[in-house]
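[1] Make a model of this:
(3 chains)
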Amino acid sequence: MLLEVRDLRVEFRTRDGVAKAVNGVSYAVDAGETLAVLGESGSGKSVTAQAVMGILDTPPGRIGAGEILFKGRDLLKLKEEERRKVRGAEMAMIFQDALSALNPVLSVGDQLGEMFVVHRGMSKKDARARAVELMDRVRIPGAAQRVRDYPHQFSGGMRQRIMIAMALALEPALVIADEPTTALDVTVQAQVMDLLAELQRDYRMGLILITHDLGVVADVADRIAVMYAGRVVESAPVHDIYKAPAHPYTRGLLDSIPRLDQKGKELYAIKGLPPNLMNIPPGCAFNPRCPMAQDVCRTDEPPLYEVDRHRGSACHFWRECLNG
Amino acid sequence: MPEQPFDQDRAIAGTGMGGAMDLAATEAETLERTPGGPLGTGPGARPRSLWSDAWRDLRRNPVFVVSALVILFLVVISLWPSLIASGSPLACDLAKAQEGSQPGAPFGYDGQGCNVYTRTVYGARTSVTVGVCATLGVALLGSVLGGLAGFFGGFWDSVLSRITDVFFAIPVVLGGLVLLSVVTSNTVWPVIGFMVLLGWPQISRIARGSVITARQNDYVQAARALGASNSRVLLRHIAPNAVAPVIVVATIALGTYIALEATLSYLGVGLKPPSVSWGIDISAASPYIRNAPHALLWPSGALALTVLAFIMLGDAVRDALDPKLR
Amino acid sequence: MVDGVVEPILEVSGLVKYYPLTQGILIKKQIGAVKAVDGVDFALDKGETLGIVGESGCGKSTVAKMLVNLERPTAGSIRYKGEDITKLSGRALKTVRRNIQMVFQDPYTSLNPRMTVGDIIGEPYEIHPDAVPKGDRRKRVRELLDVVGLNPEYINRYPHQFSGGQRQRIGIARALALRPEVIVADEPVSALDVSVQAQVINLLDRLQNDFDLSYVFIAHDLSIVRHISDRVGVMYLGRIVEIGKDEEIYGHATHPYTQALLSAVPVPDPEARARRERIILSGDVPSPTNIPSGCRFRTRCWKAEERCALEVPLLAVPAVFRLAPGPAAHDSACHFAEEKRVVPPEEQAPGVLDDLGNGGA
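    Next comes the predicted model:
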């Protein structure tokens, strides 16, 4: 396994109490594999990724327990200096908002080149040449001319390509993309997603795609980890999960999205709201919203049951759920 | 009423966890229509508003209570200094110059043999009058002009912006020396007038900026779509949301104005003796700082306490007007 | 439309909105214009939902603002029951406003953070004092809270104490307060989480039936628009390029832009990955300050020919389909309109959701 997160726990100390953002997340990605981490806001999907990247704000955040094994080494045990070497060179991140993730006062060529200067000790001239190459690689038209342009001079889709180029500059083994296309228009979204998938194949990277969009997941992912209230509630190969979800939350999500190819009747709506992270319900965190909840769900937190060799579900009644 | 507001966006800012989930999931259950109970009754029937909530909040805030009491005390002694100080601040006896604390003069005597306690009490009137009036004048003029310019935009906005630029270029002390040297009246009003004249652009610029920010919010559009008039949009939607920075800057400026009065008096263009003010006393006492530090200490301390009280009051009021902090 | 039987409740024709680009510090000189909306026509029937889709910058939000009179059109007319509301002002405008209300996109900025929920939903009654007598207003606000599925006891709370979905319900309650006939909803669910989106969409559906509302539903999400709309208009760069009934657009699109848009939408079905044909458009949307001549889509269109640069295609039933009545015969502004199935037809789609739909709800 390229990356393995084991029983990770992250909490945030706030004025009003402790918010338990991540409560024992485990997932794994292999080289050349795309893992989609699916969840709504507050599910802990981004916080987990930040912990993996080592860019979590501490304080207020605090990693309570767990291991993040990257190529067999536990990142949480590394010194900050060693950690920094891993970041950028071996794992990289693509953010949702490219405009705020890029430095507005540096040309994109300088920002791309900086990676090579800092990590590879290249001369400025060579770094500039590599920057142009990269911009070509992510199909920015007229890369040689545009390398001197500033981020605001690019369109949203082009900026996201530059972000991708930056993330891939040092050919990292793992890329985490946090909602990479959410801010883009559909037609541009398709271009960028295709590019990302192609590059991932070419470089045989592990890709963690963090998203809330079930459509995007179906288009590109190999495996899915569905998160709810800071836990992975279902983990499965992408085909299985869409065919028959083994967790009522996944089922609810799939039912609640309108579809392009079907004229809807009334949509199924998951009742209620996601839980307050300061006050997560006892037992299964989803129980107040779950149509299948029984007494046991209100008292016992379900472990991640093994559905089959590739699949897990954190539901006491995963069998019933799987069979509809 | 058990209210535990928790602003998640704020609490875990920057962690990529949007979405407020303030109401606990158990509470969310009740969302699905409350059974029974005639509408219009129940504990939440009494209408509440921002101002009544803010007032309720302020009364329970110790910072507000303390600073308000200090300010109340200052106002009272400004109006009736003889309540706590006997004798005249102008009755000085050179024979007692620089003497320390003693019965009848708890703060001692200054370089001219004047009773520091009496002078500090009487000086409050000038300083509080200058500070409060100048701040009120600046805040009113500045926020009205700046607010209207920000709200309506266009030609007059550009004109106003250029005028404020011009005023910002005038050095305050130099301007004071030039303008106030031609004034013969030895009252606080020319000084206040001068401060308002030079001070309003600062508030105007801030008010304009925060009105422009507030104006872009969708709730302003929503009010317009309902057919709300300009005055309603301004007073009900924009002003409460734009007032916070003005309050903060104005209360800090209040301290500056009291200090500026002292500076101008020191330079001889503000108030002149026989007027009594903290500024005059501070400047008069500074040459004797080694021999008689108490003569400097007491008026300076009174000045600092006054400024602090107003700044804390401003802070408390600003917080009370923000429901998110409740 | 020369139907003449039912008069549409809202009729938009030749709607144009240009924002001048100016230069200069004190005296502004116009150096150009942002052509946000550049000739839009459509009609909305009573009780109907018209969806308007398009990408960011296509002008759909500007259309919404003009419909509720937040922006004055540069040209064109908006007729509400036959009366042109773009020329109205004062009392007459205020009366019309009661009947056309808006639901905003961002539930975080569309509610005044310093007003209680009761004041927010009750504000329409203060602006229109004749709508409800003073003594009954509070009661009406509580009823409205109940109608949108919120606890009426929350009347004294402030917006920040609610989640995004609940805030959107408050926004909907405010729009309903004056019992309007038309509601313009500008991306009402795009800021919400998936599980909450469905709640709000179902609420809008229910309210339409209960209050006999007509919706103009503006969104960039084609799946949601299909779910809620009876008819759909597709906008590109300030114009409607194709408009028709739900099935005509989604099943029988004839405009290349619509086809590209539909093909780009990710479908939550991994099996469809292989089966679907993706039309990936090259390049970006041109700037609305400098719109291409002729057909405005030609710079990104794979079918573009010389004619497209010279001749502006009109929004009408294309000649090829005019004689053959069928779902392809609907308004489409393309010289080379042809049918192309990009969304797999319903029966071919795997029945996962149908099975679930029965069990889930």
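[2] I'd guessed residue C:280 sits against residue A:190; true?
    Yes: in this structure, residue C:280 is within contact of residue A:190 by CB atoms under 8 Å, at 5.8 Å. In short, each C-beta sits where N, CA and C put it, glycine included.
[3] shared neighbours of these two, which are they?
    Shared contacts of residue C:280 and residue A:190, defined by CB atoms under 8 Å, 6 or more residues apart in numbering or on different chains, are found at residue C:264.
[4] So for these two, which sits in the more crowded spot?
    residue A:190 (25 against 14; other CB atoms under 10 Å in any protein chain shown).
[5] what does chain A have sitting close to chain B?
    Taking CB under 8 Å from any CB of the partner chain as the measure of proximity, chain A contacts chain B at A:12, A:14-17, A:19, A:21, A:40-42, A:44, A:46-47, A:49-50, A:56-57, A:60-61, A:178, A:271-279, A:281, A:288-289.
[6] ranges for the helices of the stretch 1-150 of chain C?
    C:60-67, C:90-99, C:117-127, C:137-147 (DSSP state H, counting those that start in this stretch).
[7] Also chain A?
    Assignment of helices within chain A using DSSP state H yields the ranges A:45-53, A:80-89, A:98-101, A:108-120, A:124-137, A:143-146, A:156-168, A:186-203, A:214-220, A:238-243, A:248-256, A:295-299, A:318-322.
[8] what's the closest of those to residue B:97?
    helix A:80-89 (64.2 Å; CB to CB).
[9] What's the mean pLDDT across that closest one?
    Average pLDDT, helix A:80-89: 83.
[10] same deal with stretch A:20-29?
    On average, stretch A:20-29 scores 91.
[11] hang on, the earlier thing: got the helices of the stretch 1-150 of chain C as a markdown table, with mean neighbour count columns?
    Below are the helices of the stretch 1-150 of chain C laid out as a markdown table (neighbours: other CB atoms under 10 Å in any protein chain shown):
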| stretch | mean neighbour count |
| --- | --- |
| helix C:60-67 | 24 |
| helix C:90-99 | 15 |
| helix C:117-127 | 23 |
| helix C:137-147 | 20 |
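[12] Just give me the lowest mean pLDDT stretch among these.
    Across the helices of the stretch 1-150 of chain C, helix C:90-99 gives the lowest mean pLDDT, at a mean of 88.
[13] Distance from that helix to the middle of the chain?
    Relative to the chain's own centre, helix C:90-99 is displaced by 22 Å; criterion: CA atoms, centre = their mean, to the nearest Å.
[14] what helices or strands is the top helix by length along chain C leaning on?
    Scanning chain C for the helix with the most residues, using DSSP H, yields helix C:194-211. For helix C:194-211, the contact count by 3 or more CB pairs under 8 Å, 6 or more residues apart in numbering or on different chains; DSSP states H and E identifies helix A:248-256, helix C:164-176, strand C:214-219, helix C:222-228 as packing neighbours.
[15] switch to 7 Å and redo it
    helix A:248-256, helix C:164-176, helix C:222-228 (3 or more CB pairs under 7 Å, 6 or more residues apart in numbering or on different chains; DSSP states H and E).
[16] Pull the last one out as CSV, backbone CA atoms only.
    Extracted C-alpha coordinates of helix C:222-228, given in CSV (Å, rounded to 0.1, in the frame of the first residue of the first chain):
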residue,chain,number,x,y,z
LEU,C,222,-28.6,20.2,-15.3
SER,C,223,-29.8,17.2,-13.2
ILE,C,224,-31.6,19.4,-10.7
VAL,C,225,-33.1,21.5,-13.4
ARG,C,226,-34.5,18.5,-15.2
HIS,C,227,-36.0,17.2,-11.9
ILE,C,228,-37.9,20.4,-11.2
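[17] which residues does residue C:245 contact?
    C:230-231 (CB atoms under 7 Å, 6 or more residues apart in numbering or on different chains).
[18] can you put the helices and strands packed on helix C:194-211 in TSV and add mean pLDDT and distance to residue A:25?
    As requested, these are arranged in TSV below (pLDDT from 0 to 100; distance: least, CB to CB, whole Å):
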stretch	mean pLDDT	distance to residue A:25
helix A:248-256	90	15
helix C:164-176	93	24
helix C:222-228	90	29
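[19] Mean neighbour count added to those helices, as a markdown table?
    Shown next, in a markdown table, are the helices and strands packed on helix C:194-211 (neighbours: other CB under 10 Å):
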| stretch | mean neighbour count |
| --- | --- |
| helix A:248-256 | 25 |
| helix C:164-176 | 26 |
| helix C:222-228 | 24 |
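[20] Leaving out sequence neighbours, find the closest residue to residue 61.
    No chain specified, so I'll use chain A. Nearest non-adjacent residue to residue A:61, counting by CB to CB, 6 or more residues apart in numbering or on different chains: residue A:12, 5.4 Å away.
[21] Correction: the question concerned chain B.
    The shortest distance from residue B:61 to any non-neighbouring residue, by CB to CB, 6+ apart, is to residue B:316 (5.3 Å).
[22] dump the residue contacts of the residue in the stretch 151-300 of chain C that chain B sits nearest to.
    At 3.9 Å from chain B, residue C:158 is the closest residue in the stretch 151-300 of chain C, using CB to the nearest CB. Neighbouring residues of residue C:158 by CB under 7 Å, 6+ apart: B:323, C:113, C:116.
[23] so when I look at residue B:68, I'm seeing a strand, right?
    No: using DSSP: H, G, I helix; E, B strand; the rest coil, the assignment for residue B:68 is helix, not a strand.
[24] separation between the residue nearest to it when sequence neighbours are not counted and residue B:199?
    Distance criterion CB to CB, 6+ apart; nearest residue to residue B:68, sequence neighbours excluded, is residue B:313 at 6.3 Å. Relative to residue B:199, residue B:313 is positioned 19 Å away (CB to CB, to the nearest Å).
[25] higher neighbour count, those two?
    residue B:199 (25 against 21).
[26] picking that back up, rank the helices of chain A by pLDDT, which is bottom?
    Across the helices of chain A, helix A:98-101 gives the lowest mean pLDDT, at a mean of 79.
[27] Out of the helices and strands packed on helix C:194-211, flag the one nearest residue C:43.
    Nearest of the helices and strands packed on helix C:194-211 (CB to CB): helix C:222-228, 17.6 Å.
[28] Check which helices and strands that closest one is in contact with.
    So helix C:222-228, by 3+ CB pairs under 7 Å, 6+ apart, packs with strand C:49-53, helix C:194-211, strand C:214-219.
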